[in-house]
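Participant: okay, here's the prediction I keep looking at, along with the sequence it came from:
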Amino acid sequence: MPSIGPILPGRLPATLTAARLSQNIQRAYRVLQQLQDQAATGQKFFIPSESPGAAARTIALQKALERQTQLKVNLTTDKSLLAASEGALNTVSDALIQSRAFLLAGVGNTSFPAEKLAMAEEVAGLIQGVVNAGNTTFRGRYLFGGSEATQTPFAIVANGVARYNGDARQNSSFIDLDLTVANNIDGVTAFNALSPAAGSSVNPALTLQTPLSDLLGGASVSLGPISVTVDNGGPVTQTVDLTNADTIADVKALIEAAFPPGTLTVGIANTASGSGLTITPSAGTVAVSDQPGATVARDLGIAGGPAASIAGGDLDPRLTLQTPLSAFNNGAGATTGSGLLITNGLQSKAVDISSANTVEDLFNLLKAANLDLDLRINDAGDGLAISSRLSGAAFSIGENGGTDATSLGIRTLTGGTLLADLNSGLGVPVKETDAAGTPLPAIIEITRRDGSTTQVDLQGLTTVQEVIDALNAVDANLSASLNSVGNGISITDASGTGPLEVNSGVVADALGLTGVEPGSVNTVPLAGQDVNQSRSTGVLSLLLQLETALRTGDDRALERLDKQFDAEIQRLNSVRGGLGTRLSLLESVENRLLDQDVSLQEQLSQEFDADLIDVVSRTANVQAVLQATLQISSSTLNLSLFSFL
């Protein structure tokens with residue numbers, strides 16, 4: 001701040017003296033006004049030009065504090081949302097524990113039918129409580145709907161069936177710089193609301209349209225220049241810059257364009273081991289190498305040579321919505337002519353997928369079928385994942401007379417299905433032993449069309465295909481395969497024209513083979529039942545199944561549910577533990593932000609806050625100087641011309 005002092009009269013012209021005095025008075029008033037503003041507001045300055053360095057630092061500190069304020073708001077909101085979720089999950093946990101007590105009491109003859117019905121009514125009340133907990137709202141949003149936070153997540157759609165309307169996505173917010181935390185638990189995570197997904201790897205093949213970002217399972221490849229050498233009587237090396245390549249077609253075009261037309265060809269090879277690029281010269285050899293320190297050619301699987309042809313390694317393209325169905329099964333494609341037979345609860349529908357060309361087309365057709373399905377690509381990025389949104393309902397995908405479900409990798413019963421997984425995990429008793437550990441026979445008995453009886457021992461078998469193979473090995477007239485429509489095992493017998501029957505027994509029943517084909521046409525198979533229907537093992541599904549089992553006195557179902565209840569209780573406890581960990585993280589970050597606030601406020605005060613003691617002292621000084629200047633001005637400006645003679 002410029003110093004203020006009185007101007008003493010001298011031999012200056014009177015008009016100049018008056019001007020100087022007036023300027024000094026005005027300057028003193030300005031300084032005094034500034035000091036008064038500092039005293040009134042507590043600020044050192046009011047416009048950046050008054051103190052440019054301090055102003056820049058102040059603005060940075062104020063922005064940091066504003067950011068801290070918003071982060072604290074986020075933290076407060078996240079904590080309240082997660083705390084509300086924890087309260088709802090506590091209700092769900094209590095319902096599981098109470099229901100398991102009813103399950104144990106309802107098995108066998110320990111309870112009378114009337115008592116089981118009464119327990120079923122109690123379970124029905126617990127089911128409604130769990131649904132209400134799943135539909136908890138807080139701050140105008142549903143807690144367990146995933147990203148679908150504005151619609152009711154759970155609904156009872158029929159007796160014994162509930163539907164999940166949300167998704168499995170998380171809603172995240174910033175709680176610190178570059179640190180986001182999910183502030184919700186979706187219904188899939190919290191309630192295990194979807195059935196296990198149907199879908200296996202379809203090993204998608206490389207195509208010219210495959211984006212480079214989808215290679216290596218989605219890990220992508222590095223891009224930049226590579227060196228390509230063609231030796232046809234004399235080596236010619238070209239540097240090919242792939243920096244701007246987006247697709248496999250771009251890579252092909254850039255490499256081929258680096259040489260005269262026809263010199264070399266870039267193609268795609270689909271082999272049993274996967275899909276990769278091939279580079280073949282019209283004559284001579286080709287070699288591809290990376291620039292020093294780069295990995296472009298290596299990532300693309302084409303580093304190598306010199307050789308008559310370079311066969312690149314598997315680039316493992318990731319499945320996307322735009323992947324053509326013709327790329328499935330390493331380029332062999334998926335069939336779509338006969339359609340799919342999908343059963344979900346009380347709904348069973350044949351879905352025509354003949355018009356589908358891409359994964360997205362297929363999903364759109366399945367959505368239009370309105371079968372309460374959740375459709376996505378699996379986490380590995382190499383297959384479809386189709387689940388049921390219904391809790392308490394059986395779900396399966398089978399054939400509709402062709403091989404569409406199998407080629408899409410979504411048939412729920414295949415030759416590779418483990419016998420131990422059938423019947424919701426109860427399995428098939430093919431590995432029973434006596435007290436001495438000796439394997440017991442696992443016989444199925446078949447009454448043939450010629451009236452004879454055949455017994456087939458399935459002891460020790462592991463998969464559905466092994467069962468089919470064992471039946472096919474009986475004789476030339478007896479053959480077995482998977483059902484051509486739906487799921488199950490079909491048996492055909494050409495030994496005569498009488499009825500074909502698989503007699504009831506623990507093994508035959510568990511395989512779904514028990515039954516009769518009464519017709520006289522021996523090419524008509526006895527089609528077995530689907531014993532590999534999938535169900536959600538989440539809390540709502542278990543409670544709904546428990547209610548039904550208690551009402552019907554189904555001890556076998558109660559025994560099956562016992563282990564599933566234990567597993568679900570452990571799973572839910574793990575979810576709640578993860579929720580507690582998140583809340584602890586929020587508390588830790590909040591405490592750190594509060595400490596940072598103190599430091600930032602202290603720095604801001606040093607840069608921006610006025611020192612009131614200094615302001616008062618300077619104000620008194622300026623007032624004294626101003627008073628002296630005014631007195632001198634009064635005396636000086638009263639002088640006449642004669643005073644200077």
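Facilitator: The structure has been received and is ready for your questions.

Participant: list the contacts for Asp530?
Facilitator: The neighbourhood of Asp530, defined by CB atoms under 8 Å, 6 or more residues apart in numbering, consists of Thr343, Ser396, Gly398, Thr412, Leu413, Asn483, Gly486, Asn487, Gly488, Gly512. (Each C-beta comes from the backbone N, C-alpha and C, glycine too.)

Participant: pretty sure it is in a strand, no?
Facilitator: No: under DSSP: H, G, I helix; E, B strand; the rest coil, Asp530 sits outside any strand and is assigned coil.

Participant: ok, now which ones touch the closest residue to it other than its chain neighbours?
Facilitator: With sequence-adjacent residues excluded and distances taken as CB to CB, 6 or more residues apart in numbering, Asp530 is closest to Asn487, at 3.9 Å. For Asn487, the residues meeting the contact criterion (CB under 8 Å, 6+ apart) are Ser396, Gly398, Glu399, Arg411, Thr412, Leu413, Asp530, Asn532.

Participant: where do the strands sit along the stretch 251-400 of the chain?
Facilitator: Counting by DSSP state E, counting those that start in this stretch, the stretch 251-400 of the chain forms strands over residues 264-271, 274-281, 285-290, 304-307, 310-311, 340-344, 347-351, 373-377, 384-388, 390-391, 395-400, given from the N-terminal end onward.

Participant: just the closest of the contacts of Asn487 to Tyr164, please.
Facilitator: Taking CB to CB as the measure, Tyr164 lies nearest Ser396 of these, at 18.5 Å.

Participant: quick one: that closest one and Asn532 touch, right?
Facilitator: Yes: with contact defined as CB atoms under 8 Å, Ser396 reaches Asn532; the gap is 7.0 Å.

Participant: give me the common contacts of those two.
Facilitator: Counting by CB under 8 Å, 6+ apart, the contacts common to Ser396 and Asn532 are Thr412, Leu413, Asn487.

Participant: just those: which are in strands?
Facilitator: Mapping the shared contacts of Ser396 and Asn532 onto strands (DSSP state E) picks out no residues; all lie outside.

Participant: TSV please, covering those residues and showing distance to Val502 and pLDDT.
Facilitator: TSV is the format used below for those (distance: CB to CB, whole Å; pLDDT from 0 to 100):
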residue	distance to Val502	pLDDT
Thr412	22	97
Leu413	17	97
Asn487	17	97
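
Participant: keep only those of those residues that are in helices.
Facilitator: Secondary structure assignment by DSSP state H places none of the shared contacts of Ser396 and Asn532 in helices.

Participant: in space, what's closest to the most centrally placed residue in the chain - neighbours in sequence excluded?
Facilitator: Closest to where the C-alpha atoms of the chain average out (CA atoms, centre = their mean) is Arg169, at 6.0 Å. Leaving aside its sequence neighbours, Arg169 sits nearest to Ser147 (CB to CB, 6+ apart; 4.1 Å).

Participant: and Ser481, by the same measure?
Facilitator: Ser490 (5.6 Å).

Participant: and that neighbour, how far from Glu445?
Facilitator: Applying CB to CB, to the nearest Å, the value for Ser490 to Glu445 is 17 Å.

Participant: looking at the two, which is more packed in?
Facilitator: Neighbours per residue (other CB atoms under 10 Å) separate Ser490 from Glu445, with Ser490 holding more: 21 against 15.

Participant: now do the helices in the protein.
Facilitator: For the chain, the helices defined by DSSP H cover 14-41, 52-106, 113-134, 187-191, 248-257, 296-299, 359-368, 404-407, 464-472, 506-511, 539-552, 555-608, 612-637.

Participant: got CSV for those, with mean neighbour count, mean pLDDT and distance to Thr433 too?
Facilitator: Supplementary listing: these in CSV, determined by neighbours: other CB atoms under 10 Å; pLDDT from 0 to 100; distance: least, CB to CB, whole Å:
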stretch, mean neighbour count, mean pLDDT, distance to Thr433
helix 14-41, 15, 68, 90
helix 52-106, 17, 89, 28
helix 113-134, 17, 95, 34
helix 187-191, 25, 95, 39
helix 248-257, 18, 96, 56
helix 296-299, 22, 95, 53
helix 359-368, 17, 98, 44
helix 404-407, 23, 97, 35
helix 464-472, 18, 98, 19
helix 506-511, 20, 97, 15
helix 539-552, 24, 95, 29
helix 555-608, 15, 88, 20
helix 612-637, 15, 70, 92
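
Participant: which among the ones you listed is found nearest to Thr271?
Facilitator: With CB to CB as the measure, helix 248-257 is the member of the helices of the chain nearest Thr271 (16.2 Å).

Participant: using CSV, list the CA coordinates for that closest one.
Facilitator: Output for helix 248-257, consisting of C-alpha atoms alone and laid out as CSV, is shown next (Å, rounded to 0.1, in the frame of the first residue of the first chain):
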residue,chain,number,x,y,z
ILE,A,248,-9.2,-55.9,-38.2
ALA,A,249,-10.2,-54.6,-41.7
ASP,A,250,-8.1,-51.4,-41.0
VAL,A,251,-5.0,-53.6,-40.1
LYS,A,252,-5.5,-55.6,-43.3
ALA,A,253,-5.8,-52.6,-45.5
LEU,A,254,-2.8,-50.7,-44.0
ILE,A,255,-0.4,-53.7,-44.2
GLU,A,256,-1.4,-54.6,-47.8
ALA,A,257,-1.3,-51.0,-48.9
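
Participant: identify the bridge partners of Ser201.
Facilitator: Beta-bridge pairing of Ser201 under DSSP bridges involves Gly383.

Participant: let me see the contact set for it.
Facilitator: Ala380, Asp382, Gly383, Gly409.

Participant: would you mind checking these for buried ones?
Facilitator: Applying 16 or more other CB atoms under 10 Å to the contacts of Ser201, the neighbour count classes Asp382, Gly383, Gly409 as buried.

Participant: which residue packs closest to the first one, ignoring adjacent ones?
Facilitator: Which is Asp382. Sequence neighbours aside, Ser201 is the residue nearest to Asp382 in space, at 4.4 Å (criterion: CB to CB, 6+ apart).

Participant: so the one you found versus Thr210, what's the distance?
Facilitator: With distances defined as CB to CB, the gap from Ser201 to Thr210 amounts to 17 Å.

Participant: list the contacts for the closest residue to Asp597 other than its chain neighbours?
Facilitator: Leaving out its chain neighbours, the residue that sits closest to Asp597 by CB to CB, 6+ apart is Gln68, at 5.7 Å. Contacts for Gln68 (CB under 8 Å, 6+ apart) come out as Leu593, Gln596, Asp597, Leu600.

Participant: what distance do you get for Gln68 to Arg57?
Facilitator: Gln68 is 16 Å from Arg57, where distance means CB to CB.

Participant: ok, so of the contacts of Gln68, who is nearest Asp404?
Facilitator: The closest of the contacts of Gln68 to Asp404 turns out to be Leu593 (CB to CB; 55.5 Å).

Participant: got the domain ranges for this protein?
Facilitator: What automatic domain parsing lists as the domains of the chain is 1-42+611-636, 83-153+171-193+538-582, 212-311, 332-412, 443-527.
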